[in-house]
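1. Okay, here's the prediction I keep looking at, along with the sequence it came from:
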Amino acid sequence: MDSNTQLTHAQLLELKRWNTPSVYNGWEQVTKQRPNEDGFNLEPVTDFMPQMGPMVGYAVTVVIEPRNAEHPKTNPDSWAQYRAYVASIPGPKIVVVQDLDKPGLYGAFWGEVNSNIHKALGCVGTIIDGAIRDVDEMNNAGFKALAKGMCVGHAYSCPVRWNCSVEVFGRKIEPGQLIHADKHGFLVIPDEDQSNLLDAVRFMDSNECQTLIPAARSSAGKKLIDVLKSINEAATEFGKNVKNKFGGKGEW
């Protein structure tokens, strides 16, 4: 991650006010990637703390293989080394965990202890293509988790490697990439798209609120033909606004 592209804490707080689909609406207007193929999870993921709302942060990455008993023997210091890596990265951070046991859930990397430790190291939550446990205690710690599922035990879920490319829920993620996540899934923002992201999200949200949404909600007492006319006019205005702002990028 280029530190010159990293958003300020104030910008991240503002970005956190929108849900992930709203952030996507802005992102697709400014990215050179393929919005419908790149960026977000391609497999189902469950948000176990939807009441916490969205989380925003920069990726720290780790790979685990809980059913392999050899990993703790191979590197007994892996936890200390991994925690030093996490602590060295500026926050807010989202821990992205690739579980090599997929599709099996042989052990949970996350529970009460590990979530509290990572919260102390500046992490706001995790995305793990594997299992979590102690969900109530993780909630109490204020540590958000998007995961594949839950399980009872932890097995041999020590860090195998970290600060590396990972693939979770069909999406490749690099260390340091900006992530926005909520109950809908997660979106990975390339470095080059960060500087224009917030302005684009603001614009797209405002454009909806000034055109399509009020046209749809002002239908009470109107004839259906007039409702359709109002909505079609609003849709045309919405599309023109997007084209004037972004030159016709994105789905509009």
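-> Alright, I've got the coordinates. This one's a predicted model, so the numbers in the text were calculated from it and none came from an experiment. Numbers count the residues shown, from 1 in each chain.
2. only C-alpha atoms for contact and neighbour calcs from this point on.
-> OK.
3. what's the spacing between the helix of greatest length in the chain and its chain's center?
-> What stands out as the longest helix in the chain, according to DSSP state H, is helix 224-246. Relative to its chain's centre, helix 224-246 lies at 30 Å (CA atoms, centre = their mean, to the nearest Å).
4. Skip the chain neighbours and tell me the closest residue to Pro159.
-> Leaving aside its chain neighbours, Pro159 sits nearest to Ile64 (5.3 Å; criterion: CA to CA, 6 or more residues apart in numbering).
5. In contact with the one you found, which residues?
-> By CA atoms under 8 Å, 6 or more residues apart in numbering, the contact set of Ile64 is 97-100, 109, 157-161.
6. so where do the helices sit in the stretch 151-252 of the chain?
-> Applying DSSP state H, counting those that start in this stretch to the stretch 151-252 of the chain gives helices spanning 194-210, 212-217, 224-246.
7. Quick check: can you list the domain ranges of the protein?
-> The chain breaks down by automatic domain parsing into domains covering 9-190, 197-246.
8. What mean pLDDT does the shortest one get?
-> Mean per-residue pLDDT for domain 197-246: 89.
9. Apply the buried test to the contacts of Ile64 and list what passes.
-> Buried residues within the contacts of Ile64, defined by neighbour count using 16 or more other CA atoms under 10 Å: 97-100, 109, 157-160.
10. Counting only strands, which of those residues make the cut?
-> Within the buried ones among the contacts of Ile64, residues falling in strands by DSSP state E are 97-99, 109.
11. Closest one to Asp191 out of those residues, please.
-> Val97 (20.4 Å; CA to CA).
12. so where's this protein uncertain?
-> Scanning the chain for pLDDT under 70 picks out 1-5, 36, 248-252.
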